[in-house]
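**Q** need a 3D model of the following:
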Amino acid sequence: MLRITIDKNAEAAAIKLEGKVAGAWVDELEHVWYSVRNDGSGKPILVDLCGVTFVDGEGKKLLRWMCGEGARFKARGCLMSETVQEIRRECDGLRQSS
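**A** Numbers count the residues shown, from 1 in each chain. From the prediction side, this is the model:
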């Protein structure tokens, strides 16, 4: 299960995730990302992963793509912090090779 909460204010938009970014929930997160990103505001988007307990391979792939699209991540705990660092390194590597 994945709980997704969207918060938009004058400075930024945030997508708060709680649970597992896995299976069918990856597609739902992608849908939410497009919804927030395409709202016409051009605001930075923060993806709050502090409540995430697990990310599968497809979830990591989506988060890596979101990083490339300008998402900023917030994480807490060893596992999610390391996952975010890995995604950022991979995203930076893709940017440099382009």
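**Q** neighbours of the closest residue to Glu58 other than its chain neighbours, how many?
**A** Spatial nearest neighbour of Glu58, excluding adjacent residues (Cβ to Cβ, 6 or more residues apart in numbering): Val26 at 4.7 Å. Every residue, glycine included, has its C-beta placed from N, CA and C. Using other Cβ atoms under 10 Å, the number of residues around Val26 comes to 21.
**Q** before we move on, what about Lys43?
**A** 16.
**Q** got the phi and psi for Lys43?
**A** The phi and psi values for Lys43, taken as degrees, to the nearest 10, are phi -70, psi 150.
**Q** wait, what's in contact with it?
**A** By Cβ atoms under 8 Å, 6 or more residues apart in numbering, the contact set of Lys43 is 8, 11-13.
**Q** list the contacts for the closest residue to Asp56 other than its chain neighbours?
**A** Nearest residue to Asp56, sequence neighbours excluded (Cβ to Cβ, 6+ apart): Ala22, at 3.9 Å. Shown in contact with Ala22 (Cβ under 8 Å, 6+ apart): 2, 54-56, 58-59.
**Q** adjacent strands (with direction) for whichever strand in the chain runs longest?
**A** What stands out as the longest strand in the chain, according to DSSP state E, is strand 45-55. When pairing is defined by DSSP bridges, strand 45-55 lines up against strand 13-21 (parallel), strand 72-74 (parallel).
**Q** now render the ones you listed as TSV, adding mean pLDDT.
**A** Formatted as TSV, the strands paired with strand 45-55 follow (pLDDT from 0 to 100):
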stretch	mean pLDDT
strand 13-21	95
strand 72-74	95
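**Q** and those as CSV, adding mean neighbour count and distance to Gly93?
**A** Listed next are the strands paired with strand 45-55 as CSV, based on neighbours: other Cβ atoms under 10 Å; distance: least, Cβ to Cβ, whole Å:
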stretch, mean neighbour count, distance to Gly93
strand 13-21, 19, 21
strand 72-74, 16, 16
